[in-house]
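Student: return a 3D structure for these sequence lines:
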Amino acid sequence: MNLKVLIVGGVAGGATAAARLRRINEDAEIIIFEKGEYISYANCGLPYHISDIIPEKDDLLLQTPESMWQRFRIDVRINSEVVKIMPDAKQVEVLDKLKGETYTESYDKLILAPGADPIRPNLPGINSKRIFTLRNVPDTFRIKDIVEKQKPKRAVVVGAGFIGLEMAENLHLKGVKVTIVDVADHVIAPLDYEMAAIVHQHLKTKGVEFYLKDAVQSFEDHQDLVLVQLGSGRRIKADMVILSIGIKPDTKIAMDAGLDIGPHGGILVNDYLKTSNPDIYAVGDAIEVNDFVTGAQTLIPLAGPANKQGRIAANNICGATEKYAGTQGTAIVKVFDLTVAVTGNNEKGLQRKNIVYEKSFTHSPSHAGYYPGAIPMAIKLLFSKPDGKILGAQIIGYEGADKRMDIIATAIRAGMTVHGLESLELAYAPMYSSAKDPVNIAGYTAANILKGTHPVFHWDAVATLDLHTIFLLDVRTPGEFRQGSIPGAINIPVDNLRERLAEVPQDKEIYLFCQIGLRGYIATRILLQHGYTKVKNLSGGYKTYQLAVQKQANEDIYENETVTNNDLIKPI
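Tutor: Have a look, this model is predicted:
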């Protein structure tokens, strides 16, 4: 008897599972049910169609029912929603949305790939026709149609995650004045605050208005506009609103079928992607996964892991015993000119799990400084004490930021420590890298911290320093010092430090800093070898500090009330 496999949902997980099943079992009967009209599309490319960076809508469609049948002999049924699973009978009930009729289909094995739905909070006015979400191809076409035909002048993007910022950029490219609103104190939740500060300042240079630590309270249609009421009391007039505040797993049919649901609301699966029913597997955004770094259960909705899960589920259905090793959350996003990349855990995640960690900040050029065009990138490394296991990383830069993140993500997957980053032999030519690659530099810095040869303090500790009991030393040049420094600092350039040691007190803790940390490290080594025992260098230097203590939001810019970079606030 031939194997019969039903798959609920297409896109990354479901379509991948179907194609893999066919490649390893030519005789299986495979049916995909997709409640929408598109089976496989480039989800991550949707915002770029709105701005015409991806001009042809057909370029978004990776597979069609016809192409899936022609190449793989897979029966794809679009506009067909599985509304009920009957595990005891090993059947599903399907609604044909075009005919308005239901029917049943039997299975030997069932794969659930229902994905996730955009969150629409129950706020007054939420059902306005001027409020949109971006999750699938029809959503994209609706938004693009509004942009092309109605020529909106103002848009509010609610939520500053990956999709929210991508939408802000692409609407901005179409000439729309964009306002971003987020309840958090920084954009892009996987980033830590001081790294997100780099993104904030970049958004300011692009003329994007954004409000942080502010929440939408209500929407109200008024003539041909929608009024967005914020908790701060502001009312923003807009032609359209994009909701991008997150997604939630689509688990209704799984719950109704009695499948186990995890603490975060996703379908529970074991290491082999099998649900609590032995004949039902689940993949993609609807499932809970193990955090590869910590082992904790979590939700990480990403296309790459969904593809891998689809492949593994198909393998296991066909007799393999292949484990899914977990998701580490490697992700990347373009924010105007910036590249923002993350992998592993951030500080909040590690603190929630009570994991002891250390961190380091480095600013390195994208390639050799003597070759034209080198641009700095910021790298934050999180690692355990005392073994140096890499727990997470965040990189923000321009050219080359992506490949450095891929190196560190690979190192995490391989179980490497920061000492391993020191020893990596990476390709070098002056237009591509430096003899000491930025990844090597991050490894050296972190390893020195662990060895105790480079004691550090961090930007958020500056506000707690008592200048009566410590000595704050700026080792940059006098010209840099005059342009701005940490209040209370004494300036002794590192190149003059040996000759001016008498000016550095022996009976106080020495907190020193330079622009990015390198000269501060050299000064630290000088002092430690001249009898100073309590010396700490500011990790990431004044650059990290100065970015983090600026006012982060960019408020009321369309009313000519511009936030300046000198408007400093206390660190949170």
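
Student: mean confidence (pLDDT) on the helix or strand harbouring residue 241, please.
Tutor: Applying DSSP states H and E as the criterion places residue 241 in strand 240-243. For strand 240-243, mean pLDDT is 96.

Student: which other helices and strands contact that strand?
Tutor: strand 131-133, helix 137-150, strand 154-158, helix 162-173, strand 225-230 (3 or more CB pairs under 8 Å, 6 or more residues apart in numbering; DSSP states H and E). Placement of C-beta: from N, CA and C, glycine included.

Student: residue 60: which of those is closest?
Tutor: helix 137-150 (6.2 Å; CB to CB).

Student: buried ones in the closest one?
Tutor: 137, 140, 143-144, 146-147 (16 or more other CB atoms under 10 Å).

Student: what's the closest of those residues to residue 187?
Tutor: Closest to residue 187, out of all of the buried residues of helix 137-150 and judged by CB to CB, is residue 143, at 20.7 Å.

Student: pLDDT value on the nearest residue to that closest one once chain neighbours are set aside, please?
Tutor: Setting aside the residues directly before and after it, residue 143 is nearest to residue 132 in space (CB to CB, 6 or more residues apart in numbering), at 5.3 Å. Residue 132 carries a pLDDT value of 94.

Student: picking that back up, list the neighbouring strands of the strand holding residue 241 plus their orientation.
Tutor: strand 131-133 (parallel), strand 154-158 (parallel) (DSSP bridges).

Student: list the contacts for residue 408?
Tutor: By CB atoms under 8 Å, 6 or more residues apart in numbering, the residues touching residue 408 are 343, 381, 390, 393, 395, 421, 439, 442.

Student: which of those fall within strands?
Tutor: 343, 381, 390, 393, 395 (DSSP state E).

Student: which residues in the stretch 251-400 of the chain form helices?
Tutor: Applying DSSP state H, counting those that start in this stretch to the stretch 251-400 of the chain gives helices spanning 252-256, 303-317, 347-352.

Student: check those helices for me and report the most buried one.
Tutor: Comparing these by mean neighbour count (mean count of other CB atoms under 10 Å), helix 303-317 ranks first with a mean of 23.

Student: one step back: how about a markdown table for the contacts of residue 408, with distance to residue 84, neighbour count and pLDDT added?
Tutor: Shown next, in a markdown table, are the contacts of residue 408 (distance: CB to CB, whole Å; neighbours: other CB atoms under 10 Å; pLDDT from 0 to 100):
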| residue | distance to residue 84 | neighbour count | pLDDT |
| --- | --- | --- | --- |
| 343 | 39 | 26 | 98 |
| 381 | 49 | 27 | 98 |
| 390 | 45 | 27 | 98 |
| 393 | 44 | 27 | 98 |
| 395 | 46 | 29 | 98 |
| 421 | 51 | 27 | 97 |
| 439 | 51 | 26 | 98 |
| 442 | 52 | 27 | 97 |
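
Student: can I get those in TSV with distance to residue 334?
Tutor: As requested, the contacts of residue 408 are exported to TSV (distance: CB to CB, whole Å):
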residue	distance to residue 334
343	17
381	22
390	24
393	18
395	13
421	25
439	21
442	22
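
Student: closest one of the residues you listed to residue 371?
Tutor: Taking the contacts of residue 408 together and measuring to residue 371 by CB to CB, the closest member is residue 439, at 18.2 Å.

Student: list the contacts for the closest one?
Tutor: 379, 404, 407-408, 421, 424, 426.

Student: 7 Å instead, please
Tutor: 404, 407-408, 421, 424, 426 (CB atoms under 7 Å, 6 or more residues apart in numbering).

Student: next one: residue 92
Tutor: If you count contacts by CB under 7 Å, 6+ apart, then residue 92 has 6, 82, 84-86, 104-105, 107 around it.

Student: narrow the residues you listed to those that are buried.
Tutor: Judged by 16+ other CB under 10 Å, buried ones among the contacts of residue 92: 6, 82, 85, 105, 107.

Student: just to revisit the earlier point, farthest-apart pair in the ones in strands among the contacts of residue 408, please.
Tutor: Counting by CB to CB, the most remote pair of the ones in strands among the contacts of residue 408 is 390 and 395, 13.0 Å apart.

Student: pull the residues that contact the least confident helix or strand in the chain by mean pLDDT.
Tutor: The helix or strand with the lowest mean pLDDT-type score in the chain, counting by mean pLDDT, DSSP states H and E, is strand 40-41 (a mean of 76). When contacts are defined by CB under 7 Å, 6+ apart, strand 40-41 is touched by residues 10-11, 15, 60-63, 137.

Student: circling back to that earlier point, ok, of the buried ones among the contacts of residue 92, which one's closest to residue 72?
Tutor: residue 6 (15.3 Å).

Student: what about the closest one, which helix or strand?
Tutor: Here residue 6 is assigned to strand 4-8, by DSSP H and E.

Student: would you mark the buried spots in that strand?
Tutor: Applying 16+ other CB under 10 Å to strand 4-8 flags 4-8 as buried.

Student: same deal with stretch 543-558?
Tutor: Result for stretch 543-558 [16+ other CB under 10 Å]: buried residues 543-555, 557.

Student: please report how far residue 534 lies from residue 24.
Tutor: Using CB to CB, to the nearest Å, residue 534 is found at 63 Å from residue 24.

Student: alright, calling it a day.
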